[in-house]
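Undergrad: Quick one, structure for this:
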Amino acid sequence: MRESLWKSVLQLRQNSPLVHNITNYVVMNNTANALLAAGASPIMAHAHAEIEEMVSICGATVINIGTLDEYWIESMYKAAAKAQQLGKPWVLDPVGAGASNLRNTTVAQLLKYKPTVIRGNASEIMALANAGGQTKGVDSTHQSVEAVASAKWFNENTGAVVCISGATDVIVSANQKILIDNGDVMMTKVTGLGCIATALIGAFVASEPDNATEATAAAMALLGIAGEIAVQKAEGPGSLQMHLLDKLYNITEDEFNTYLKVTIEND
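TA: So this is what the prediction gives:
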């Protein structure tokens, strides 16, 4: 898998896919810059009048529920429905699922449109599956391994690849788990890196629409490794953001393979 994950990084740079994002306004700028640095081309659009056109021209759509309101919710429904109609991949980030009725009802409706990939922290995934998970803001209060049962339920019932992010990122698909042990604790001090992870998954899935599992693994590995390397130069969370963008842009094959910590478990 090591070789194929790096090939995915190169393929993303070569394909430069258009990625449509309906994401929260806290992270829009960082998300767009991270997509550009990795090699994709971001579009941030949520106007009702153009949403279906945007989904049609882009390789994938990313829907992030971080900052909800009624207008944006309708945009998300329109985008997800159009992606499903066209058979295009789309990625769901259920930020803060379980924290409010608004988030729960919005996510419940979005799930009807069959996301290709779902990425969230353990609490969000557990809440999403009504498995007793509780959210504390948008931070995870559970370990990623605790949410595997919920992720398996989602995969079996919706077909979605499920990525549980945490100290160990766990990617669950049919009869397989991929564990990625990259990243650094300082990354938790920068807002929106989980949102960036979801956007990168969208980019990789757009580049490799027929292999969502490996695309998701490549996205999580790239971000984790870039973060590990960036931390070595950073003096704190502020400079970490700068060095992270640089490393997403200029990471080498040697760096990727040297730092990559990946385990595959077949069920």
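Undergrad: just the helices in the protein please.
TA: Assigned by DSSP state H, the chain shows helices spanning 2-15, 28-38, 51-57, 70-86, 101-111, 122-128, 148-158, 193-207, 212-233, 237-250, 253-259.
Undergrad: Tell me which of these is the most buried.
TA: Using mean count of other CB atoms under 10 Å, the stretch among the helices of the chain with the largest mean neighbour count is helix 193-207, at a mean of 29. C-beta here means a position set from N, CA and C on the backbone, and glycine is covered the same way.
Undergrad: quick check: mean pLDDT across that one?
TA: Average pLDDT, helix 193-207: 97.
Undergrad: Dump that helix to PDB, keeping only the CA atoms.
TA: Extracted in PDB, the C-alpha atoms of helix 193-207 (Å, rounded to 0.1, in the frame of the first residue of the first chain):
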ATOM      1  CA  LEU A 193      -7.400  20.700  10.500                       C
ATOM      2  CA  GLY A 194     -10.100  18.100  10.600                       C
ATOM      3  CA  CYS A 195     -12.100  20.200   8.100                       C
ATOM      4  CA  ILE A 196      -8.900  20.300   6.000                       C
ATOM      5  CA  ALA A 197      -8.700  16.500   6.200                       C
ATOM      6  CA  THR A 198     -12.200  16.200   4.900                       C
ATOM      7  CA  ALA A 199     -11.500  18.500   2.000                       C
ATOM      8  CA  LEU A 200      -8.400  16.600   1.100                       C
ATOM      9  CA  ILE A 201     -10.400  13.400   1.100                       C
ATOM     10  CA  GLY A 202     -12.700  15.100  -1.400                       C
ATOM     11  CA  ALA A 203      -9.700  16.000  -3.600                       C
ATOM     12  CA  PHE A 204      -8.300  12.500  -3.500                       C
ATOM     13  CA  VAL A 205     -11.700  10.900  -4.200                       C
ATOM     14  CA  ALA A 206     -12.200  13.300  -7.100                       C
ATOM     15  CA  SER A 207      -8.900  12.100  -8.400                       C
END
